[in-house]
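>>> A structural model of the following input is requested.
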Amino acid sequence: MDNTIEHFNAVVKRVIATILKEQDERRRANVIEKWIDVAFHCRQWKNFSSLTAILNGLLSGYIFRLSTAWSIITPEFQKIFEDLRSVFGHCGDWQEARAILDKVKFDERQRAK
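Just a heads-up that it's a prediction; the model follows:
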């Protein structure tokens, strides 16, 4: 159990560190978008632990208050982030979160590039 918690915390810290190390707001926005993309794929692969860790990093006070960087993020990534956040933002029960995620239909076409 301790290894799981350590891994979870390491992912949260990695998300925060990789964003904060960038001084340029556009670069920060780029890194945030990359983390949103990784979280999206974690959801697809049903890797809920990593998904939750990434969202915790993105929602941490350090990152969430970077309003300039967040304002640069494309609408596509903002939508994905809000969809992911809405599922975990209101759900403290893992089983309930999994059930909600299984019901949520993400539009795969929006991810096509």
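>>> tell me which strands and helices the helix or strand hosting Trp70 is in contact with?
Per DSSP states H and E, Trp70 falls inside helix 67-72. With contacts taken as 3 or more C-beta pairs under 8 Å, 6 or more residues apart in numbering; DSSP states H and E, helix 67-72 sits against helix 25-44. The C-beta positions use only the backbone N, C-alpha and C, and glycine is treated the same way.
>>> Swap in 10 Å and give it another go.
helix 25-44, helix 61-64, helix 75-89 (3 or more C-beta pairs under 10 Å, 6 or more residues apart in numbering; DSSP states H and E).
>>> can you list the residues that contact it?
19, 22, 24-33, 58, 63-64, 66, 78, 81 (C-beta atoms under 10 Å, 6 or more residues apart in numbering).
>>> low-confidence ranges in this protein?
88-113 (pLDDT under 70).
>>> Identify the residues contacting the most centrally placed residue in it.
Among the residues of the chain, the one closest to the centroid is Leu55, at 3.6 Å (C-alpha atoms, centre = their mean). When the contact criterion is C-beta under 10 Å, 6+ apart, the partners of Leu55 are 12, 15, 35-36, 39, 42-43, 81, 84-85, 87-89.
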